[in-house]
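>>> Need a 3D model of the sequence below.
(one chain, ligands or ions: 2)
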Amino acid sequence: MRRQIAIIGAGPAGMFLAHLLHAEGIEATVIERRDRPYVEGRVRAGVLEQGTVGLLRRLGLAGRLEREGLVHGGTNVSIDGRVFRIDMAALTGGATVTVYGQQEVMRDLFDAAELRGLDIRWNASDVALTGLDGDRPVVTWREGDAARRLTCDFVVGCDGYHGVSRAAIPASVLRTFERVYPFGWLGVLADVPPADHELVYANHERGFALASMRSPTRSRYYIQCGLNEDIGDWSDDRFWDELCLRLGSETAAKVTRGKSFEKSIAPLRSFVVEPMRWGRLFLAGDAAHIVPPTGAKGMNLAVSDVTMLGEALSEHYREGSDAGIDGYSARALARVWKAERFSWWFTSVTHRFPTMDGFDRRIQIAELDYLRGSPAAQRSLAENYVGLPLEAA
Ligand code: APR
Ligand code: PHB
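Numbering: from 1, shown residues only. Ligands and ions are numbered 1, 2, ... in the order given. As a prediction, the model looks like this:
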């Protein structure tokens, strides 16, 4: 097989890129290790930045989002139960975020991919990349008993943190930057109305809690937990009790309890590799960087990466210019690091760290109290939360 672009991985990064390239008339094949139900079924975050919504609209993929997405102009922060609201729209000249689960985004991307005839190879095992430092990279894989081979101009590694793409770059070229947090998030989904029409991020003496949602009838709640905790020890009753304690009485009074239908623990980590390009291989999304979920930047960052890459590849094929391709890594990393900073900061001021002493705790409270009283501090949070612009290289 011969294609202009090979995309490894059909997560958000790979599928947004596949649609962007299709819209530009650039031929691509997506090679995915799992099947569609698996990829679509993974429960992930659900807050879309304004730029992500804009891209879905430009790609003609926003029909269901416009009907079912919940537009949020503000968000709430709770300090030991005392709640204040940040009016993001007022602070940013009207910018908002939209609550729409990643699973819904994936369903829309896959449905449209079928209609538009995008080439996706599911259940691809033993994916291997060769010739990345030459002119004609080759991707090989297996589909059942059949061995496949694709020759292309460029390979885009959208295969997440555990993929093969990043590993194809020589160790001597890559620099890795990492912070592992000494806690995780225990997340629950339940078909009960959300506590508030907007999110509540809570810092409590006992640890962080977050009240989020997927729809007017489906809630998503999280509490900070230890990394070695056994999910079996967390009955629904214990979860609701701890959540309500951390959210504080004002928010807890609005929590509707119910049976959970999803419960899992996820670790928190910050991770970046540089550069995001080596020869004819580009990295995008979780293959190149991970953020802790505080602030909901993961999927949005994958989208901004592939938006930049789509522009760069379009410039290459339409205008014969490699300026975009050559500038991709630096341009993407400049935005990635700002999202890393925001996610790290928001995590740092809202979570309980095992090493914290009284001084650290009071600094945290002071920081959030400053946020409560300062329009300047609120504006800084708001512009990061709704999504920083995609600046030129
Ligand atoms: N070969 C082919 N596909 C692979 C391989 C491989 N060796 N390894 C992983 N994949 C696939 C995975 O099965 C997955 O579907 O690559 C895809 C990567 O998707 P994500 O991990 O979701 O990464 P990305 O698309 O960068 O999404 C970034 O969305 O899913 C969230 O937590 C994620 O918030 C982050 C954002
Ligand atoms: C979610 O709804 O899953 C969610 C929302 C906000 C976050 C993280 C996760 O910061």
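
>>> Gly117 and ligand 2, how far apart?
The gap separating Gly117 from ligand 2 is 32 Å, by C-beta to the nearest ligand atom, to the nearest Å. From N, CA and C alone the C-beta is placed, and that goes for glycine too.

>>> For the stretch 51-200 of the chain, which residue gets nearest to ligand 2?
The stretch 51-200 of the chain approaches ligand 2 most closely through Leu199 (5.8 Å), counting by C-beta to the nearest ligand atom.

>>> isn't that residue right next to Ala211, touching?
Yes: Leu199 is within contact range of Ala211, at 6.3 Å (criterion: C-beta atoms under 8 Å).

>>> could you pull out the strands for the stretch 1-150 of the chain?
With DSSP state E, counting those that start in this stretch, the ranges of strands along the stretch 1-150 of the chain come out as 5-8, 28-31, 47-48, 70-72, 75-79, 82-86, 97-99, 119-121, 124-130, 138-143, 146-151.

>>> can you redo those as CSV with mean neighbour count and mean pLDDT?
Formatted as CSV, the strands of the stretch 1-150 of the chain follow (neighbours: other C-beta atoms under 10 Å; pLDDT from 0 to 100):
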stretch, mean neighbour count, mean pLDDT
strand 5-8, 28, 98
strand 28-31, 24, 98
strand 47-48, 27, 98
strand 70-72, 17, 98
strand 75-79, 21, 98
strand 82-86, 16, 98
strand 97-99, 24, 98
strand 119-121, 18, 98
strand 124-130, 16, 98
strand 138-143, 18, 98
strand 146-151, 13, 98
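
>>> what's the closest of those strands to Pro389?
With respect to Pro389, and counting by C-beta to C-beta, the nearest of the strands of the stretch 1-150 of the chain is strand 97-99 at 14.9 Å.

>>> Show me the helices in this structure, by range?
For the chain, the helices defined by DSSP state H cover 12-23, 36-41, 50-58, 63-68, 88-91, 102-116, 236-247, 249-252, 298-314, 323-350, 358-373, 375-386.

>>> Out of those helices, which is closest to ligand 1?
Across the helices of the chain, ligand 1 has its closest neighbour in helix 298-314 (2.3 Å, C-beta to the nearest ligand atom).

>>> Turn the helices of the chain into TSV, including mean neighbour count.
Below are these laid out as TSV (neighbours: other C-beta atoms under 10 Å):
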stretch	mean neighbour count
helix 12-23	25
helix 36-41	15
helix 50-58	19
helix 63-68	13
helix 88-91	20
helix 102-116	17
helix 236-247	18
helix 249-252	16
helix 298-314	25
helix 323-350	19
helix 358-373	14
helix 375-386	18
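
>>> Output those as CSV; include the columns mean pLDDT and distance to ligand 1.
Shown next, in CSV, are the helices of the chain (pLDDT from 0 to 100; distance: least, C-beta to the nearest ligand atom, whole Å):
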stretch, mean pLDDT, distance to ligand 1
helix 12-23, 98, 3
helix 36-41, 96, 4
helix 50-58, 98, 11
helix 63-68, 98, 16
helix 88-91, 98, 21
helix 102-116, 98, 6
helix 236-247, 98, 22
helix 249-252, 98, 26
helix 298-314, 98, 2
helix 323-350, 98, 11
helix 358-373, 98, 25
helix 375-386, 98, 16
